[in-house]
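Asks: One predicted model, sequence on top.
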Amino acid sequence: MSNAVAHADAHGHAHAHHPALQHHFDTMGQQKEAAVVGMWVFLLTEILFFGGLFAAYMIYRVWYFDAFAEASRSLSLFWGGLNTAVLIGSSLTMAMAVRGAQTNKRAATVNWLILTMILGTVFLGVKVIEYADKFEHHHVPGYNFQWAAAHEAPAAGGEHAAPAAEGAAAEPHRELALNGDQLQLTTQIYFSLYFTMTGLHALHMIIGIGIMLVITWMAWKGKFDAEYYTPVEMAGLYWHFVDIVWIFLFPLLYLVERHT
Amino acid sequence: MSGHVSPVSLYITIFLALMVLTAVTVGAAFVDLGQFNFLVAMIIAGFKASLVIWYFMHVKYASKLTKLTVATGVFFLAILLGLLLIDYASKGFTSMPMPLS
């Protein structure tokens, strides 16, 4: 403990402790344990926060499975898969950042944190491409929503994708229980859930990057060492949680039904 | 006190396992398993989440109190989703609103 400070308490006797140890904790271990449990309690509220959306998703998916299957096919498996890989990669770099702090490697901690933020930004960039694609194809729920399945190639004359209701040329890949008008209405429910769930997830990513900016600055200032790296660890818990949410969102949104 | 320091090789292994499982879940989606497609996807996602929680989030090396806290979250999520589905399933999802039919 090179940066331990001598400290005279109210009783007059001096004792040395880590500068990061708050006065209401006895030991660094106790202090870290309190933070870890507190962070997990916060993450529990987050689990149930997203859980409500997962619940809504499940009910509507059972009700309107065909709409979910059709709308899910319109998502790009390439972008979704790439983002999954990027986010898993960012979890690895985050774990390495915590490890850097644990082993007193200040430069490594800062570098891994920066890499994590870059990967997070790449994820958000891909999300922007995907959202722009939804706007372009009128797949945003609301007044201008127009359902046209992804497998229906746009007309060769450069004309934009025709709505499925009129798209007689479209070859259905399987029997659907819903007609065109019903798909027009029910696919909007899928896209409402898509935008809510991925939007809320993206908001968490933005907040996560914001937190990491502060943590990186603190790491740069040399505030962490093997004895005290709790903020890095907490940022890591948050970041991994956001990764876990995406691990479920990816199959739920992109892989509803791909085999027909 | 300093926490458990995992070897880099462990983190790399978990990362590779997560990548392989991502490929597996995409591959499984293209195989017709009927009703089991959803179940397989969720089992794989659950396993991936467990790997992240256990190793990346250091729950493996955490106190019993922390482990209990994590388990509580899973438990309440199961209540939320499980009881909701039991409620709907017991009514056969009959009240499906279907406009324009």
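Replies: Nice, I can see it.
Asks: What does residue A:224 show for phi and psi?
Replies: phi -110, psi 150 (degrees, to the nearest 10).
Asks: residues contacting the residue nearest to it when sequence neighbours are not counted?
Replies: Taking C-beta to C-beta, 6 or more residues apart in numbering or on different chains as the measure, residue A:224 lies nearest to residue A:101, with 4.6 Å between them; neighbours along the chain are not counted. Placement of C-beta: from N, CA and C, glycine included. If a contact means C-beta atoms under 8 Å, 6 or more residues apart in numbering or on different chains, then residue A:101 has A:109, A:219, A:224-226, A:229, A:232-233 as its contacts.
Asks: now the strands for chain A?
Replies: Under the criterion DSSP state E, chain A contains strands at A:5-8, A:14-17.
Asks: Least reliable of those strands by average pLDDT, please.
Replies: Looking at the strands of chain A, the lowest mean pLDDT belongs to strand A:5-8 (a mean of 52).
Asks: Show me the shaky parts of chain B.
Replies: Segments of chain B classed as low confidence (criterion: pLDDT under 70) are B:1-2, B:94-101.
Asks: Sort out which one of the contacts of residue A:101 lies nearest residue A:131 for me.
Replies: Of all those, residue A:131 sits closest to residue A:232, with 31.2 Å by C-beta to C-beta.
Asks: Just give me the neighbour total for residue A:197.
Replies: Other residues near residue A:197 number 21, with proximity taken as other C-beta atoms under 10 Å in any protein chain shown.
Asks: Same question for the one 5 residues further on.
Replies: Using other C-beta under 10 Å, residue A:202 has 18 other residues around it.
Asks: State the distance from it to residue A:133.
Replies: According to C-beta to C-beta, to the nearest Å, residue A:202 and residue A:133 sit 15 Å apart.
Asks: contacting residues for the closest residue to residue A:112 other than its chain neighbours?
Replies: Distances taken as C-beta to C-beta, 6+ apart place residue A:97 nearest to residue A:112, at 3.6 Å, with adjacent residues excluded. The neighbours of residue A:97, taking C-beta under 8 Å, 6+ apart as the test, are A:108-109, A:112-113, A:116, A:219, A:232, A:236.
Asks: Between those residues, which sits nearest residue A:29?
Replies: Lowest distance from residue A:29 to the contacts of residue A:97 (C-beta to C-beta) belongs to residue A:232, with 16.5 Å.
Asks: what about the closest one, neighbour count?
Replies: 25.
Asks: contacting residues around it?
Replies: When the contact criterion is C-beta under 8 Å, 6+ apart, the partners of residue A:232 are A:97-98, A:101, A:109, A:113, A:215, A:219, A:224.
Asks: Give me the pLDDT value at it.
Replies: Residue-level confidence at residue A:232 comes out at 96, pLDDT.
Asks: how does chain B divide into domains?
Replies: Under automatic domain parsing, the residue ranges defining each domain of chain B are B:1-60, B:62-92.
Asks: Next up, the contacts around the residue nearest to residue A:103 when sequence neighbours are not counted.
Replies: Counting by C-beta to C-beta, 6+ apart, the nearest residue to residue A:103 once its immediate chain neighbours are dropped is residue B:5, at 6.2 Å. For residue B:5, the contacting residues are A:99, A:102-103, taking C-beta under 8 Å, 6+ apart as the criterion.
Asks: hang on, residue B:5 in a helix?
Replies: No - assignment of residue B:5 by DSSP: H, G, I helix; E, B strand; the rest coil gives coil, placing it outside any helix.
Asks: Residue A:246: how many residues sit nearby?
Replies: Burial of residue A:246 is recorded as 24 neighbouring residues (other C-beta under 10 Å).
Asks: Now it: closest residue in space that isn't a chain neighbour?
Replies: The nearest residue in space to residue A:246 (C-beta to C-beta, 6+ apart) is residue A:87, at 5.1 Å.
Asks: hang on, isn't residue A:88 packed against residue A:243?
Replies: Yes - counting by C-beta atoms under 8 Å, residue A:88 does reach residue A:243; the two are 6.7 Å apart.
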